[in-house]
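In: Sequence plus the predicted model coming up.
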Amino acid sequence: MSETVGARSGDEGSGPGRSPGPPACIIIGMAGSGKTTLMQQIAANLSSSRTPAYLLNLDPAVLNVPYRANIDIRDSIKYKNVMEQYRLGPNGGILTCLNLFAAQFQTVLELAEKRRNQFKYMFVDTPGQIEVFTWSASGSIITESLATTFPTCVLFVVDTVRCKSPMTFVSNMMYACSILYKTRLPLVVVFNKIDAEKHDFAVSWMEDYAVFDEVLREESTFADSLARSMAIALEEFYKNIHSVGVSAITGEGMDDLFAVIQTAAKEYDESYRPDLEARTRKRAEEEQRHAEEAYEAFQQDRDKNENRSSARNTMWAPEEDEREREDEEDQDEEELAREETEKEELLDYVAKLNIERGARPK
Ligand SMILES: Nc1nc2c(ncn2[C@@H]2O[C@H](COP(=O)(O)OP(=O)(O)OP(=O)(O)O)[C@@H](O)[C@H]2O)c(=O)[nH]1
């Protein structure tokens, strides 16, 4: 049974000056490339050498997890229920499960953090629908959170048998390239199923473009020119990655895999971590700037509102209204009295005139 997210594990292991921590590997690959079988092989291999590992299953749709997962997404989120509740298809269901899980991922990391001195590796199995993890916001959140906590690398698993086709090989490499630039983490291409097909041909294609070009000439298919241009573009990419051949079924090549993971973890510390920290710092500075701008705008709005309301207060002061009304009434009375006086004077004047003309007064 895996650990329940939200439970307390009660262990040591935090504070400044501690070691970088155990390497964390995110296992990504096309459906059927052998990710889950590789997880099983890794678990068995480490268990036989008594090397403790922390294993996470992030595939909500998998029926059977053939290794003992410390954290299993299926324990906290039920794929079928999510599909029913939100009326989703299979891919939408997986994506929504991942979104829900991403919201809890910080708790998962806290659990793992407390145990960082108790395991030597962390491995994370991801859904077969590769794009659901690599190009989703939740996939990015999970990857970044992991990378800021442990020295993290990506294991991109490919089916070596299928890679015999140059076009499939190039497509896989293009995908690996996009993952490298998306995650900005050390990347290891794991050529799986070498029990069925050795991966030497793939290594030679990556090391020497002329060899790959030669194969393309022999194949002479419609997509040759596309494959050729893509291969040229990938030459630079090959310099930035590692590759290894394994068989998840027989366990062949597992020592090489663990060795390359250690190299990737060292690389992470030397070059990827500073880059990640710089990006995190920059993002924090930007967020701080936005917060300050928002606060300034809020203050300006508040000042404006205060000015407006004080102006309104001046216009509506009741005692002033009263005074104005009294003044107006006084003015009216004076006016009335003056008019009255003028009328009387006029009447006197008319009466005087009548007398002078000999008219009898009324
Ligand atoms: N010959 C051989 N077959 C393998 C190897 N690894 C996996 N397979 C087979 O490949 C098939 C797919 O393996 P999975 O481990 O389910 O692949 P996955 O990438 O987890 O698949 P999804 O969960 O659909 O993404 C299974 O039939 C495995 O037995 C290997 O090293 N050699």
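Out: Arrived safely, thanks for sending.
In: how about low-confidence regions in the stretch 1-150 of the chain?
Out: Within the stretch 1-150 of the chain, the ranges that satisfy pLDDT under 70 run 1-19.
In: where exactly do the strands run in it?
Out: 24-29, 53-57, 71-72, 121-125 (DSSP state E, counting those that start in this stretch).
In: List the beta-bridge partners for Cys25.
Out: Using DSSP bridges, the bridge partners assigned to Cys25 are Phe123, Cys153.
In: Contact partners for it?
Out: 121-124, 152-155, 261 (Cβ atoms under 8 Å, 6 or more residues apart in numbering). All C-beta spots, glycine's among them, are computed from the backbone N, C-alpha and C.
In: Can you tell me what sits against stretch 259-271?
Out: Defining contact as Cβ under 8 Å, 6+ apart, one finds that stretch 259-271 is touched by 20, 23, 25, 121, 151-153, 155, 185-188, 242, 244.
In: and the ligand, which of those residues contact it?
Out: Here nothing survives when the contacts of stretch 259-271 are matched to the ligand using Cβ under 6 Å from any ligand atom.
In: Throw those into a markdown table and include distance to Gly253, thanks.
Out: Putting the contacts of stretch 259-271 into a markdown table (distance: Cβ to Cβ, whole Å) gives the following:
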| residue | distance to Gly253 |
| --- | --- |
| Pro20 | 26 |
| Pro23 | 18 |
| Cys25 | 15 |
| Tyr121 | 16 |
| Pro151 | 22 |
| Thr152 | 22 |
| Cys153 | 17 |
| Leu155 | 13 |
| Leu185 | 22 |
| Pro186 | 18 |
| Leu187 | 17 |
| Val188 | 12 |
| His242 | 13 |
| Val244 | 6 |
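In: Make a ChimeraX selection of the buried ones in those.
Out: Here is the ChimeraX command that selects the buried residues among the contacts of stretch 259-271 (16 or more other Cβ atoms under 10 Å):
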select :23,25,121,151,152,153,155,185,186,187,188,242,244
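In: Looking at the contacts of stretch 259-271, spot the one nearest Ser229.
Out: Closest approach between these and Ser229, by Cβ to Cβ: Leu187, at 21.9 Å.
In: what phi and what psi does the backbone show at the closest one?
Out: In terms of degrees, to the nearest 10, the main-chain angles of Leu187 are phi -120, psi 130.
In: Equivalent analysis for Ile194, please.
Out: Dihedral angles for Ile194 - degrees, to the nearest 10 - are phi -70, psi -10.
In: All set, thanks.
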